[in-house]
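Visitor: next come a sequence and a model predicted from it.
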Amino acid sequence: MSKFTIHNLETVPAQSKALLEQSQKAYGMVPNLHGVLAESPGIFEAYQTLHTLFTESSFNADELTVVWQTINVEHGCTYCVPAHTGIAEMMKVDSALSDALRNREAMPNAKLQALHDTTLLVVRNRGILSDAEMDAFFAAGYGQRQLLEIILGLSQKVISNYVNHLAHTPVDAPFKKFAWQDNK
């Protein structure tokens, strides 16, 4: 059970109210993560801004999903893996890709595998990649921009994954059917 307050539109601190109203409008509900983030207007705004910037990056829906879910699974986030499974479904991402990510299986093609592998390396090695690792990413058809955008996605996911670990954020009702436990 969470010891953190999950704010709603009646309990939200004044400085976070507009952001929480924006979440309500965008999602038709207040996601529990947003309710937790609302306690700190700065982190809530940072998360929302990073989310917008990452979704507007050069990555397509499959690639966004690979970066998000690779990080979520690696961090063992039992809130974000189900949420992003549902989000991927809404984005029309093939469920086979979501299943592969959730189960730590091979990606459906070499380019997505390179993105997955590089994202894992960035997370595990704290951004330190060898020349050979970067060359493999570039050889798969990605460039410097996409390497930097992995870090943008990671920045967003560090906020959500770490907050969810601290808060034990309960999975939102629409995503409970995608519940996930790390079988690592």
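Guide: Structure's in. What do you need?
Visitor: how near is the nearest residue to Ala110 once chain neighbours are set aside to Trp180?
Guide: In this structure, Ala110 finds its nearest non-sequential neighbour in Ala140, 6.3 Å apart by CB to CB, 6 or more residues apart in numbering. The C-beta positions use only the backbone N, C-alpha and C, and glycine is treated the same way. Ala140 is 27 Å from Trp180, where distance means CB to CB, to the nearest Å.
Visitor: tell me which of those two has more neighbours.
Guide: A count of neighbours by other CB atoms under 10 Å puts Trp180 above the other of Ala140 and Trp180, at 22 against 17.
Visitor: what's the separation between the more buried one and Leu101?
Guide: 10 Å.
Visitor: cool, Gly86 as well?
Guide: Relative to Leu101, Gly86 is positioned 13 Å away (CB to CB).
Visitor: comparing these two, which residue is more hemmed in?
Guide: Neighbour count, other CB under 10 Å: between Gly86 and Leu101, Leu101 has more, with 25 against 17.
Visitor: helix or strand right after the strand or helix carrying the more buried one?
Guide: For Leu101, the enclosing helix or strand under DSSP states H and E is helix 95-102. Next in sequence after helix 95-102, counting helices and strands by DSSP H and E, comes helix 110-124.
Visitor: ramachandran angles for Glu10?
Guide: Backbone geometry at Glu10, expressed as degrees, to the nearest 10, gives phi -90, psi -30.
Visitor: any idea how many residues pack against it?
Guide: When neighbours are counted by other CB under 10 Å, Glu10 registers 5.
Visitor: next, the angle helix 110-124 makes with the biggest helix by length in the chain.
Guide: When the chain is scanned for its longest helix (criterion: DSSP state H), the result is helix 144-167. Helix 144-167 and helix 110-124 are oriented at 50 degrees to each other (axes from the mean of the first three to the mean of the last three CA atoms, to 10 degrees).
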